[in-house]
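Undergrad: sequence plus the predicted model coming up.
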Amino acid sequence: MEHIITPKVEYVKLLNRYPEKKSVLGTLYLTATHLIYVEQTNNTRKETWVLHHHIMSVEKLPLTASGCPLLIRCKTFQLLHLLFQRERDCQDVYQSLLRLFQPVKEEELYAFLYNPHQNEEDRRQGWEFINVANDFSRMGLSNDYWEISHLNKNYEICSTYPSILGLPKNVSVATVTGSAKFRSRGRLPVLSYFHKDTKAAICRCSQPLSGLTSRCVEDEQMLQAISQANSNCPFIYVVDTRPKLNAMANRAAGKGYENEDNYSNIRFQFQGIENIHVMRNSLQKLLEVCSMKSPSMSDYLTGLENSGWLRHIKSVMDAGVFLAKAVCEERASVLVHCSDGWDRTAQVCSLSCILLDPYYRTIKGLMVLIEKEWISFGHKFSHRCGHLDTDPKEVSPVFTQFLECVWQLSEQFPCVFEFNERYLIEIHNQVYACQYGNFIGNCQKERLEMRLHEKTFSLWPHLLKNQHLYRNPLYRRSLECTVLRPSTLPLHFKFWCGMYNYYDRGMHPKQSVLDQLLSLTQKQVEGERTMTELQRVRGVVGVVDFVRVERYLTDMTLSPSHPFTAAGCCRWKRASQTLRFQITLLELNPPSSKSRGIHFLPNGISITLS
Amino acid sequence: MELSEHIKTANVEDVTLRRPFHPALRGTLCVTSHHLLFSDRKDEASWQLLILLKNIDAIEKSVENLFGYPRAVGSSGTITIKCKDLLVLQLEIPGMEECLNIASSIEALSSLESVTEMYPFFYRPSHLTLNGPWGLSSTEQYYKQTERLWDRWRVSTVNSDYSVCPSYPSAVIVPREVDDDKLIHSARFRQGGRFPVLSYCHHRNGMVIMRSSQPLTGANKKRCKEDELLLQAVIDGSELGYIIDLRSAQQAQQARMTGGGFESKSFYSHWKRIHRHHERGKVVQESLIKLVEACSDPSHSVDRWLSKLENSKWLSHVHSALSTAGLVVECVERDGHSVLVHGSEGTDNTLLVSSLAQLILDPASRTVTGFLCLLEREWIQAGHPFQQRCAHSAYSHARLKQECPIFLLLLDCVWQVWRQFPLALEFSEALLLRLAQEVYASNYGTFLCNSEQERCAAGVKENTHCLFQSLLRPDIEEQYLNPLYEPTDLAIWPSVHPQSLQLWTGLFLRWTEYAQNMEEAREEVWSIVKEHHEQAGPDRTNNTLSTHCDTLTSFENLMDELTIL
C-alpha cells in the first residue's frame, strides 16, 4: 500500500478506441491489487477492473489540449487509454503503477495475499489434485521398458527438473549422472510421454555440450538405452527444434547438437522454431496490428504477414506434428531438445501429447499436461511472464504460443476437445495474474523453497469448479480416431481474435453458438438433476436459465480479476409474491469489509452482500 | 448440329477416377449430352458420380503414348477436370484416342451458349411437374404484402413489354404521384433505362431503399426534370435523402466523359451524395481466380499464403460490400432517411449492396423463404445478368468476357453475417453452398439468362423447373435449416473490422478434409438441439428457443423487479 500515492483520482476519461462512442468522465481507484475505473452515468455504473499483475507497460503520452494521457498495456492484451485533467494526477498514477505492476519481491505477488476462503485441508487437497506421478501410471509406468526414478529427489542431478523422472529401465546411475554433465544445465534425456500402443516414447533434454569435437560415452549410452526401450523401431529420432544456423552457432560456444557419427542409430532432424527474442518481437508486431485504428483489409493482412506470428505458430505445430507422426506411424521414439530444453521443447512435447493422446484434450488432461510438461519441467514462468521486475529480455510468449496451437487445433477439430476457447483464455489470464501459486517461480526447486504450497492456493480446483463454463458442447468422447492429424497448410492458421482482441468486443460475433449450445446442454444436465426444482422455476419465470444468469454475472460484471466470482450457485426463490434472486458469491477476496455492502452491477442492478 | 454429334466416344471402360481424400476408383466413364457419368464396376451397390458438363470450368489433358502407336498397349491419357464448384477430379483413361475424344466432347458440350440447349430444358424428374407455380414472389406480391407502401407508392406496368428498360421486370414499384410518362423520360436519362425503382421499404419507419443505374448527365451536365421529380417524390417532403454512389468521386466524374455521370447537388438539392469505391467486373473475377489459386497452393509458407490472400483482394471486396451495406442501413434505420443506391449499370454492386442492406434490416429476409424471395426480387427479376457473369468460374483458361462473381460475393457476405449472428438466420451455410453451386450449373431454370425479358423469350418458366420452389418443398431438407435459429426483430449489424471477417472456408476449402470435420460439428449441433427438443417435450418445441435478445431483455426487466439478497 505504501506505493500508492493517490488512491483515487476523479474526472478521468477512459478513451474508446472508436471515437464515435463518446467517452464520459469517471473515477480511477488504485488498490493494493487492482486498478479500478468507475464510470457513473445516470443510473448505470460501469466498472473496469485491471489486476496490477496484468499490466505489461505504462506509458505517459505527450500532453494534449484535452488533458494528460496515460496508456496502459496489459498482458491480457487489454489496452486502456486514460486521460487525466491534471498533469500531477497523471504523474502520481504513473509513478504508483510503475511500482505496483512489477513488484520486486516474490512475497508481493497477489497469490501471497489471496485467500479463496479455504482451510488448510482444502488447500492441501487442492495442491494434490493434479499429480504428475499419476500420469506416469496412466501411461503404464513402471513397465518393462521404463521406470520412475527418484535420483533427482534433492534436485542434485538437475536443479530445474522435477524430483521424479521417467528413465529407461535399468539404466545405471553413472550413465544418468554422466549424461547430465554432458547436457546444458544438467537437463539430461528423460521421459516425457510413453505411447502405450506403439511402445514409442517422447523424451526431452537440453542441448549436448558437444562443441566442435566433444563426446560423452554416458550420453551415448543414455540414447542407446532410450532406443532399446522401444523394440518396435531400430532407430530414434533426435529432434533439435532450433533453426540449424542457431544450433551451429552454439557449437562454437561449446554447446551444439548431436553428431550422428557418435551415436548409434539416431536420425537427426532440425525443426526451425525461432528463439524467445524473435517470438517476443513478433508478438509485439502482432499487437501493433491488433491495435491499428480502422485499418483496411490490406493493411491488416500485410501487418499480419509482417509480424511473422502465424509463421511461428506453424513452426511449433509442424514440429509437434512431426513428433506425433514419428510415434504413431513409424513407431519410433523421439528425443527432443532446443537450447535449454524449457521453451521450444516444452511447446513441442506438450503439443505432440495432445495430438497423440485424447486424455490431454480433456479439461483435466490439459491441467495434467501443463503441470507435467511446463511447470514441473521448469518452464521459467516467472521470467517468461515477467512477474517480477527482472530482465525484460527473458520475457517471451512461449506458453501463449502453446495455447494458441491448441486453439488452432480446436478450430480444425471442433469435436475433439472437452474444453472451449474460454478455458484457454482463462488459463492464459491466470498464468499472468499470479492469483494462484501454480505459475510462480521458474522450477520445482524454486517453488519448494518459496513454500508456495503452504502460502498460496492452486488454480486447478478453481477451474474445475467452474468447468461448466469451459465445456465444449460439441465434444465427442467416443471419436474413433484418437490421433489427430491436422493439416498444416498455411491457410489453416488463423488469427486468434478471441485472444488478441479479447477486449474489443465489437469485433467478436454478436451471438454465440457456444453459449446457446451450453445453455441447451446445461438445461439437460440440470433437468436430469433437479427436475422438480427447475420446473418450479420455469413455471414462474419462463426460460431464464442458470447458465445465462451466471454468464451475465461472470462475463459482464465480474472480470476474472474481480475479488469475487459468481459460480454455480444462482438460485431463484419464490417468497411470498416476490421472486427472489439469490446469488451465492464464492471466493471473496480479500475477505475484508470491502466485499460486504452494496455492489453495483451494470444496468443499475445492485447486490447487497452481508 | 445435334448435341450428340459432339460425342465421338460415349463409353470407356477401365477408367480410374481420383478425387481429393478418397481412394482411387476404377469403373466406366460415359459422356452424354449434358453429363459426365462415372460408375464403378461392382454390380451390387455400385457407386456413381454424375457431373453436369456445364459445371466443368476447365479441363486439362495429358497423354502418354509409350510406343508411338495410337492404339498401342499402354498408351493412356489423364484428364483433369476442374469444376465451377471448385472440385478437381482426375480421370485416367486407357487409350490415347479415347482420351482425346472424351476431352473434346467435354470441351464442346460444357460451353454451350444456346439457352434452350441447356440441361434445365431437359430435366424432367418424376416428382416435379411443369405446371406448378414458378418462382416465389413478384413485384405485385411484394407490394401487396407491404402495407406501408399502399399510400404513396404504386405498381407501374410501364415496362410490361420490356421496351422502357430491357433488364427490368414488367412491373416495378414507383411513387404514386409519378406517372408512367415521367418514368419513360427518367428511363431515357438512366443507363440501360434503369430508372429509380423501389427495392425495399423499411417496416419500422417507412423509409425506402431505391436503386437505379447512373444518370446520363454526360460532359455537358445534362439534366432531366422528370428524373428529378421522381426522386423528389421519393422523399416526399422529408428533408433529405442519401444517394450512395458505388464509385469513387473521381470515377463518377470520369464517367461523364463517356456519357454517364452523377446527380449534381444543384439539381437534386434534397439528396446528399456519398461515394464509396467498389471494384467491379474483371477485377473481382480475377480476385476469385487468385484466391482459389492461393487456396490450392501446396506451399508451406505462411507468409506466401497471407501475401497471396491479401493480393487476391477478395476479402477487401467482402469488406467494402459489408461496409457500404452498413452505411445504407445506418441511413435508413438510424438516421431515418431514404436511400438511392447505384453504380454504373446498376446490375451488380447495386444489387449486392441493396440486398445485403435488406438482410441486415429486415427480419423477414432472414428466413429461408424470405431469403430466396429476396434473391428472386433483387437479383433474378432485377436483371442481374447471370448468364454472362457466371459463364466461367475460377479455373477457366478462356479469355474473360463479362464474367464476374458478384453473386458469389453476396453469398460470402451473407456467410460473414451468419458467422457473426449465428442465431439470426433461419437458413444454414449449406443453403449458401448449394446456391453457389446452382448459380454456375443447375438442373433448374432459375439462374438461366440475363433478364426477365430473355427468360420470357426462351420460355424458361414453361419449360424448366424452379430451383426455389424445389428447395421449399414441404419436406425441406434439414441441412438447409439453422438448428439454432431464433428470430430477432432487430437490425443485425455485422462488424467490418478486418479481424471480424474471415475466409469462407466452407466454400473455398469445400473439398478438403477440413470440410468433413465441420460436417461432424454440424451434425453434433443438430443432435444437441434435437435432444433438447425431445427433453423439452413436443408441446414446447416452438417456444423453448426464444430469441436471444428477448431472453436478455426479459431477464433485465426481471432483475429490476427482484429483491436481490
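TA: Structure's in. What do you need?

Undergrad: near chain A, which residues of the stretch 251-400 of chain B are found?
TA: Contact residues of the stretch 251-400 of chain B with respect to chain A, defined by Cβ under 8 Å from any Cβ of the partner chain, are listed as B:294-295, B:298-307, B:309-310, B:313, B:315-316, B:318-319. C-betas here are computed from N, CA, C, even on glycine.

Undergrad: B:Ser114: neighbouring residues, count only.
TA: Applying other Cβ atoms under 10 Å in any protein chain shown, we find 8 residues neighbouring B:Ser114.

Undergrad: measure whatever residue of the stretch 101-250 of chain B ends up closest to chain A to B:Ser323 for me?
TA: Taking Cβ to the nearest Cβ, chain A has its nearest neighbour within the stretch 101-250 of chain B at B:Ser248, 14.3 Å off. Distance, B:Ser248 to B:Ser323, by Cβ to Cβ, to the nearest Å: 14 Å.

Undergrad: hey, what's in contact with both of the two?
TA: The overlap between the contact sets of B:Ser248 and B:Ser323 (Cβ atoms under 8 Å, 6 or more residues apart in numbering or on different chains) consists of B:Arg276.

Undergrad: could you pull up the contacting residues of the nearest residue in space to B:Val31 that is not next to it in sequence?
TA: Closest residue to B:Val31 apart from its sequence neighbours, by Cβ to Cβ, 6 or more residues apart in numbering or on different chains: B:Ser105 at 4.9 Å. With contacts defined as Cβ under 8 Å, 6+ apart, the neighbours of B:Ser105 are B:His6, B:Ile7, B:Lys8, B:Thr9, B:Val31.

Undergrad: my guess is the second one meets B:Ser33, correct?
TA: This means B:Ile7. Yes: with contact defined as Cβ atoms under 8 Å, B:Ile7 and B:Ser33 form a contacting pair (7.5 Å).

Undergrad: picking that back up, skipping its backbone neighbours, what lies nearest the residue of the stretch 101-250 of chain B closest to chain A in space?
TA: In space, B:Ser248 is closest to B:His277, 4.1 Å off (Cβ to Cβ, 6+ apart).

Undergrad: likewise for A:Tyr502?
TA: With sequence-adjacent residues excluded and distances taken as Cβ to Cβ, 6+ apart, A:Tyr502 is closest to A:Phe77, at 5.9 Å.

Undergrad: could you count how many residues lie near that neighbour?
TA: Around A:Phe77 there are 23 residues (other Cβ under 10 Å).

Undergrad: on that earlier part again, what do B:Ile7 and B:Ser33 both touch?
TA: Counting by Cβ under 8 Å, 6+ apart, the shared contacts of B:Ile7 and B:Ser33 are B:Leu109.

Undergrad: compare those two (neighbour count), which wins?
TA: B:Ile7 (20 against 17).

Undergrad: quick check: mean pLDDT of stretch A:498-517?
TA: pLDDT averaged over stretch A:498-517 equals 91, rounded to a whole number.

Undergrad: what is the distance between that stretch and the centre of its chain?
TA: Between the mean C-alpha point of stretch A:498-517 and the mean C-alpha point of its chain there is a distance of 19 Å (Cα atoms, centre = their mean, to the nearest Å).

Undergrad: what does whichever strand or helix holds B:Lys61 contact?
TA: Using DSSP states H and E, B:Lys61 falls within strand B:56-64. By Cβ under 8 Å, 6+ apart, the list of residues contacting strand B:56-64 from outside reads B:36, B:74-84, B:96, B:99-100, B:103, B:106-107, B:110, B:392-397, B:440.

Undergrad: what are the buried residues along the helix or strand just after that strand?
TA: The helix or strand immediately downstream of strand B:56-64 is strand B:76-83, counting by DSSP H and E. By 16 or more other Cβ atoms under 10 Å in any protein chain shown, the buried positions in strand B:76-83 come out as B:Ser76, B:Gly77, B:Thr78, B:Ile79, B:Ile81, B:Lys82, B:Cys83.

Undergrad: from these, which single one is nearest A:Tyr475?
TA: Proximity of the buried residues of strand B:76-83 to A:Tyr475 (Cβ to Cβ) peaks at B:Cys83, which lies at 35.0 Å.

Undergrad: so what pLDDT did the closest residue to chain B within the stretch 451-600 of chain A get?
TA: For the stretch 451-600 of chain A and chain B, the shortest gap (Cβ to the nearest Cβ) falls at A:Pro490, measuring 3.6 Å. Confidence at A:Pro490, expressed as pLDDT, is 95.

Undergrad: for it, which non-adjacent residue is closest in space?
TA: Beyond its immediate neighbours in the sequence, the residue positioned closest to A:Pro490 (Cβ to Cβ, 6+ apart) is B:Trp305, lying 3.6 Å away.

Undergrad: and for A:Lys60?
TA: Leaving aside its chain neighbours, A:Lys60 sits nearest to A:Tyr94 (5.4 Å; criterion: Cβ to Cβ, 6+ apart).

Undergrad: what helix or strand does the one you found sit in?
TA: helix A:87-101.

Undergrad: so what touches that helix?
TA: Contacts to helix A:87-101, defined as Cβ under 8 Å, 6+ apart, come from residues A:3-6, A:9, A:12, A:28, A:30, A:35, A:52-53, A:55-56, A:58, A:60, A:63, A:68-70, A:72, A:82, A:84.

Undergrad: how near is the closest residue to chain B within the stretch 51-200 of chain A to A:Cys290?
TA: Distances from the stretch 51-200 of chain A to chain B, computed as Cβ to the nearest Cβ, single out A:Phe77 as the nearest residue at 12.1 Å. Note on A:Phe77: its distance to A:Cys290, by Cβ to Cβ, is 7 Å.
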